[in-house]
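# The following block contains a protein sequence and its predicted model.
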Amino acid sequence: MNWHHIEVSADNTHFLYEGKPVFEQKFTEVLKFHAPGLAPVMDKAGAYHIDITGNAIYKDRYARTFGFYCNRAAVIREGKWFHINSNGKQAYAHRFLWTGNFQEDLCPVRDCENNYFHISLDGMRIYQLDHFYCGDFKDGIACVKARDGLYRHINTEGSFINRESYLDLGVFHKNFATARDKDGWFHIDKSGKEIYSQRYLAVEPFYNGYALATDFALSKSIIDESGYPVLHV
């Protein structure tokens, strides 16, 4: 049985394979299987992880567990967050007020003073600068809300990738990112520069050269990479 094909039931209490229960046991809540074939579940005893046979992979129980990413899963115990590996062992000694999921072997966290930064697989911060917020790394670049309240993109060393800052930012997708200044939303390139002069109430990332945009009259259009509306929808 290939764990990739195991699905979560509609009521989120058990697992299905080809439409049939994988095993008889039901839970209070389940989340989907992730590599290496483990799933977070919760029952009356607490939260933990199981393998595809339904067996717990460790004896510990947590307030909550999440999926494995980069061989690390976020768990909560006594109000503190940290990660465990696929053997159920704690990946590091630190505790946080919140952790994300590892992406590209790096993870955003929030410490006891509500500072955001990124850590490596061993729980060590990868740069010294604190932020108001930070998101996942994608292709080596992450969005952060810096201490001046503006959003910037950083690399895996924690350095800003350009000199530009905005009121809001999205991640880069196919070389462009969404950005917002005082006049509205638009798209930028990796130098941080706008790729067109128009502004919108909202824009989505480009999908094969086109993006959905909403103007300030709440009309929606498909725009090309020059910002030109090619189709009203």
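Good, I have the coordinates. It should be emphasised that the depicted structure is a prediction, and the values quoted were computed from it without experimental measurement. Numbers count the residues shown, from 1 in each chain.

# For the residue nearest the centre of the chain, give its distance to K32.
Closest residue to the average C-alpha location of the chain: D136 at 5.2 Å, with C-alpha atoms, centre = their mean. Distance of D136 to K32, computed by C-beta to C-beta, to the nearest Å: 18 Å. To be clear about C-beta, it is placed using only N, CA and C from the backbone, and glycine gets the same treatment.

# and stretch 140-150, how far from the chain's centre?
Stretch 140-150 sits 15 Å away from the centroid of its parent chain (C-alpha atoms, centre = their mean, to the nearest Å).

# now swap in stretch 194-202 and tell me
25 Å.

# so how far is the first residue of that stretch from its last?
15 Å (C-alpha to C-alpha, to the nearest Å).

# list the buried ones in it?
Of the residues in stretch 194-202, those buried under the neighbour-count criterion (16 or more other C-beta atoms under 10 Å) are 194-195, 198-200.

# Kindly state the beta-bridge partners for the residue nearest to F172 when sequence neighbours are not counted.
Using C-beta to C-beta, 6 or more residues apart in numbering and skipping the chain neighbours, the partner closest in space to F172 is I141 (5.6 Å). I141 forms beta bridges with K138, as assigned by DSSP bridges.

# circling back: could you grab the helix/strand/coil label for the residue nearest to the centre of the chain?
coil (DSSP: H, G, I helix; E, B strand; the rest coil).

# how much space between it and A179?
From D136 to A179 the distance is 18 Å (C-beta to C-beta).

# same question, A93
A93 is 38 Å from A179, by C-beta to C-beta.

# Phi first, then psi, for Y62.
phi -120, psi 170 (degrees, to the nearest 10).
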